[in-house]
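S.K.: here you go, sequence then predicted model.
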Amino acid sequence: MNKLIVGVDGLLKRLLMALMAAIVLVVCFQVLSRFVLTTPSSITEEISRCLLLWIGMFGSAFAYRTGQHLGLDIVTRKFSALWQKRVAAILTLAVVLFALAAMTFGGGQLVMLAFELKQMNAGLGICIGWIYLALPLSGLLIAFYGICQLCSLWSEQALPSLGEF
């Protein structure tokens, strides 16, 4: 199980690094084309929007994996260790169910509908479903990490560390 988690972590880190590098290059080209070449590129704004959406969705999965997401533990810190573990398990289960139901299933329905209706992005000329695909994929990642966290809580073994980014 730990090898799978480490492999998924590595893929997610590489994907986020590639997306960040791509958005930096696209925005730099947009600035260059607008101010130096005086012929602004119309496609770069749309590409940067799509990249930002993908970065936001996969970044949320990464934040969930690293525990950097928003969380309030003011009340739960006052509980005993047993109750802290129980509350953590309940909340993690709620996250998994939300990620599977809303993000993966609902996002998958949205992607299929976009492909079915052949909704096209005017700026890029691609089907909007490819852009929306970030939602169910990141939902699967969040659910995967949540299930790993539940297994970790159950077996009382820590998840493998994420290592250097």
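M.R.: Yep, that arrived.

S.K.: centroid-nearest residue for this structure?
M.R.: F58 (2.0 Å; CA atoms, centre = their mean).

S.K.: next one: the host helix or strand of it to chain centre, how far?
M.R.: Element membership for F58 (DSSP states H and E) is helix 43-66. Offset of helix 43-66 from its chain centre (CA atoms, centre = their mean, to the nearest Å): 7 Å.

S.K.: for it, buried residues please.
M.R.: The neighbour-count check on helix 43-66 (16 or more other CB atoms under 10 Å) flags 44, 46-51, 54-55, 57-62, 64-65 as buried. C-betas here are computed from N, CA, C, even on glycine.

S.K.: the residue nearest to the centre of the chain contacts L140, doesn't it?
M.R.: No: assessed by CB atoms under 8 Å, F58 is found out of contact with L140, at 11.0 Å.

S.K.: which residues touch the helix or strand of the chain with the lowest mean pLDDT?
M.R.: Least confident helix or strand of the chain, by mean pLDDT, DSSP states H and E, is helix 81-98 with a mean of 90. By CB atoms under 8 Å, 6 or more residues apart in numbering, the residues outside helix 81-98 that reach it are 64, 76-77, 79, 142-143, 146-147, 149-150, 153-154.

S.K.: so what's L53 closest to, chain neighbours aside?
M.R.: Excluding its sequence neighbours, the residue lying closest to L53 (CB to CB, 6 or more residues apart in numbering) is A134, at 5.9 Å.

S.K.: that neighbour reaches G59, doesn't it?
M.R.: No: if you go by CB under 8 Å, A134 and G59 don't touch, sitting 10.3 Å apart.

S.K.: ok, longest helix in the chain?
M.R.: Using DSSP state H to define each element, the chain has its longest helix at helix 2-31.
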